[in-house]
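Chemist: Fold the following, please.
(chains A and B)
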Amino acid sequence: MLLDNAREVVAEALEVRPDEVTFTPSGTDAVHRGLLGLLAGRARAGDRLVHSAVEHSSVLHAARWRGGPATAVPVDRLGRVAPDDVALEVTRGAVAAIAVQSANHEVGTVQPVTAIADAVGEVPLFVDACASLGRTPLPRGWAVAAGSAHKWGGPAGVGVLLVRKGTRWRNPFPGDDRIDERTAGFEDIPAALAAAAALQAAVDERPLLVPRQHGLIDRIRTAVARDLRDVEVVGDPHDRLPHLVTFSCLYVDGEALVHELDRLGFSVASGSACTASTLAPSHVLEAMGVLTHGNVRVSLTRDSTSEQVDSFLAALPDVVARIRAEVGL
Amino acid sequence: MTDDLSPDLTPDLELDCRDLRCPLPVIELGRRLHEVDVGQLIGVATGDVAARTDVPAWCRMRAQEYAGESRAADGTPLYLVRRLT
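Modeler: Numbering: from 1, shown residues only, chains lettered A, B, ... in the order given. Next comes the predicted model:
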């Protein structure tokens, strides 16, 4: 009963049917089940996966784990995949499913999900919506979609898997004799309720929060491009997630930049090689062909203030100049 | 990876960045570009994976021409840049 209640709240917030909603142990798990189950359900149509080159690593890992043919479709400098390029891959045949994110988790660029769905006919779309759910409406065109509660302010350990009514989805993992065949194990009901309440709150505050965050990010984009030389602010400046921005500073060590900003009280992320456990740069920045070193990603929380943005922008030029001075540039 | 090699281009100056990691190969390129004349080629020899993206990006940001990827004598990837300004 309580779980049905959580399901209904999530369904209403996302404008889907309650029987299309499954709670999973994480967003990653929702991606794995969603994508692999869609591919399994389409085995008769083909075994190829077509995906954008900038999908989240959970999609790429699922594709690698499955084995089987997978084709990455390149993106433009803004990080956007072109519907025509996806459609062209589909004409090459045997495509079981297409994976395209709703918006990129690193650079914010929104993907043309609906235009892709319209361009590819009957081939179903898996939409990783982890970066956007709760912030922007789910785009039309998905057959299966995945979300992550902690991304919309809910608890960690809750993911949401959406399977569109009528979509052929087959469990890619060992089954569990439960009412909801799409997940395994018993749902964490208090966490699912908290996730549903947080999603409802996020959707309710969206009309005020999204324009405010969009404006603050606009200010960062403008100021960084204006006040720092040899810097590249990446991603689509307009058609993007409201709350994040990524930029790269030439001749700057990403790790030094992150540490220095952290010392000043600003917590940022980076896609530079030196900050990654793999020592490889972000595959998203690589696919876009933008500078990968000296990279910083700023994400706003719902309570980030205009004053915090001001003090970040005031501190940044000196930090960059200091690091550059150390290498004599 | 092999289809975009430019094997027939030999740089006028080859920078040995084999032991350098990101962002040092690009810093070296920025420091030493002036050592070749306008129109000449400078090459960055490095195994650093970030250079494959960052050398072309540097060219775009600094208005120089990226002339492609080749191999140094020892097989190390060599990223070629033509000085335009």
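
Chemist: where exactly do the strands run in chain B?
Modeler: Shown for chain B, the strands assigned by DSSP state E span residues B:13-16, B:41-45, B:65-71, B:77-82.

Chemist: And the ones you listed: which comes nearest residue A:258?
Modeler: Among these, strand B:41-45 comes nearest to residue A:258, with 24.9 Å by C-beta to C-beta. Placement of C-beta: from N, CA and C, glycine included.

Chemist: quick revisit: figure out which of the strands of chain B is closest to chain A.
Modeler: The closest of the strands of chain B to chain A is strand B:65-71. By C-beta to the nearest C-beta, the value is 10.3 Å.

Chemist: ok, back up a step: I'd like the strands of chain B written out as TSV, with distance to chain A added.
Modeler: Shown next, in TSV, are these (distance: least, C-beta to the nearest C-beta, whole Å):
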stretch	distance to chain A
strand B:13-16	15
strand B:41-45	13
strand B:65-71	10
strand B:77-82	14
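
Chemist: Make a markdown table out of those and add mean pLDDT.
Modeler: Shown next, in a markdown table, are the strands of chain B (pLDDT from 0 to 100):
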| stretch | mean pLDDT |
| --- | --- |
| strand B:13-16 | 97 |
| strand B:41-45 | 97 |
| strand B:65-71 | 95 |
| strand B:77-82 | 97 |
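
Chemist: Identify whichever of the ones you listed lies nearest to residue A:53.
Modeler: Nearest to residue A:53, of all these, is strand B:65-71, at 18.8 Å by C-beta to C-beta.

Chemist: State the mean pLDDT of the helix or strand in which residue A:308 is found.
Modeler: According to DSSP states H and E, residue A:308 maps onto helix A:306-326. Across helix A:306-326, the average pLDDT comes to 96.

Chemist: helices and strands around that helix, which ones?
Modeler: Applying 3 or more C-beta pairs under 8 Å, 6 or more residues apart in numbering or on different chains; DSSP states H and E, we find helix A:306-326 packed against helix A:189-227, helix A:254-263.

Chemist: on that earlier part again, what's the closest of the strands of chain B to residue A:303?
Modeler: strand B:65-71 (43.4 Å).

Chemist: List the buried residues in that closest one.
Modeler: For strand B:65-71, burial by neighbour count (16 or more other C-beta atoms under 10 Å in any protein chain shown) applies to B:67, B:68, B:69, B:70.

Chemist: Kindly report the same for stretch A:164-183.
Modeler: Buried residues in stretch A:164-183, counted by 16+ other C-beta under 10 Å: A:164, A:167, A:169, A:171, A:172, A:180, A:182, A:183.

Chemist: From the chain's centroid, how far away is it?
Modeler: Relative to its chain's centre, stretch A:164-183 lies at 24 Å (C-alpha atoms, centre = their mean, to the nearest Å).

Chemist: Endpoints of it, how far apart?
Modeler: Taking C-alpha to C-alpha, to the nearest Å, stretch A:164-183 runs 15 Å from one end to the other.

Chemist: which residues are contacting it?
Modeler: For stretch A:164-183, contacts defined as C-beta atoms under 8 Å, 6 or more residues apart in numbering or on different chains pick out A:16-17, A:19-20, A:22-25, A:32-34, A:36-43, A:66, A:124, A:142-144, A:161, A:163, A:184-185.

Chemist: got the residues of chain A near chain B?
Modeler: Neighbours of chain B within chain A, by C-beta under 8 Å from any C-beta of the partner chain: A:230, A:232, A:248, A:250-254, A:272-274, A:279-281, A:285-286, A:289-294, A:327-329.

Chemist: Show me which of those are buried.
Modeler: Applying 16+ other C-beta under 10 Å to those flags A:230, A:232, A:248, A:250-254, A:272-274, A:281, A:285-286, A:289-294, A:327 as buried.

Chemist: residues in contact with the closest residue to residue A:301 other than its chain neighbours?
Modeler: Spatial nearest neighbour of residue A:301, chain neighbours left out: residue A:243 (7.9 Å); criterion: C-beta to C-beta, 6 or more residues apart in numbering or on different chains. The contact partners of residue A:243, taken as C-beta under 8 Å, 6+ apart, are A:135, A:213, A:217, A:299, A:300, A:301.

Chemist: Can you report how many residues neighbour residue 15?
Modeler: All of this is about chain A. 10 (other C-beta atoms under 10 Å in any protein chain shown).

Chemist: Oops, wrong one, chain B.
Modeler: Neighbour tally, residue B:15, other C-beta under 10 Å: 22.

Chemist: now the strands: where do they sit in chain A?
Modeler: Counting by DSSP E, chain A has strands at residues A:21-24, A:48-52, A:70-73, A:95-99, A:125-128, A:144-148, A:159-163, A:231-234, A:244-249, A:295-299.
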